[in-house]
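>>> A predicted structure for the sequence below; I have some questions about it.
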Amino acid sequence: MAAKRKSTARKTAPRKPVPRKKAVRKPAAGAQLAANKKLVLAFYEQIIGRKDFDAARRYMGATYRQHAPYAADGPDGLRAWLAGFKSAFPNHRYEVKRVIAEGPYVMLHLHGMGGPNPHGESVVDIFRVENGKVVEHWDIIQAIPDTADNANSMF
């Protein structure tokens, strides 16, 4: 008869199931870009359209980095700039021509009217969004001239 071999496998106590964390689903890229566009448009309407800093503040992050040379950094810098803008141009309005989003950035191409230039301005505002809040801003502002050397619109 063949000799029985002893099993070398160790007996272990049954393992307790490890609770798994629920997977956090990130929105699809297209949905995130759409949400960023909606956020920036709502923020812009409050800050520039209605000139209401307190209403706009809820769309801003705890920090707000400003790259425009005419406004100081941070929410308080934007508040101070807006007070002067509202006083100087109470009838300023704008028309959105394009909204473009890529990654955390949203760009608005706008026609500003009722500001310092008789024909208005072509404006590009760029915002960075982080955690569902506007946290950074750049802009490019070009006065619309009386005449142009071509028949193309600035928009």
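Happy to help now that I have it.

>>> ok now the helix or strand hosting residue 54, how far from the chain's centre?
Taking DSSP states H and E as the definition, residue 54 sits inside helix 53-57. Centroid displacement of helix 53-57 relative to its chain, using Cα atoms, centre = their mean, to the nearest Å, is 15 Å.

>>> what's the answer for stretch 139-155, then?
Chain-centre distance of stretch 139-155: 26 Å, with Cα atoms, centre = their mean.

>>> contact partners of stretch 120-135?
Around stretch 120-135, the neighbours that count as contacts under Cβ atoms under 8 Å, 6 or more residues apart in numbering are 35-36, 39-40, 43-44, 59-65, 94, 104-115, 136-144, 154-155. C-beta: built from backbone N, CA, C; applies to glycine.

>>> Just the CA trace of the helix holding residue 54, in CSV.
Extracted in CSV, the C-alpha atoms of helix 53-57 (Å, rounded to 0.1, in the frame of the first residue of the first chain):
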residue,chain,number,x,y,z
PHE,A,53,-20.9,90.6,-6.8
ASP,A,54,-22.8,88.9,-3.9
ALA,A,55,-24.8,86.8,-6.4
ALA,A,56,-21.7,86.0,-8.4
ARG,A,57,-19.7,85.0,-5.3
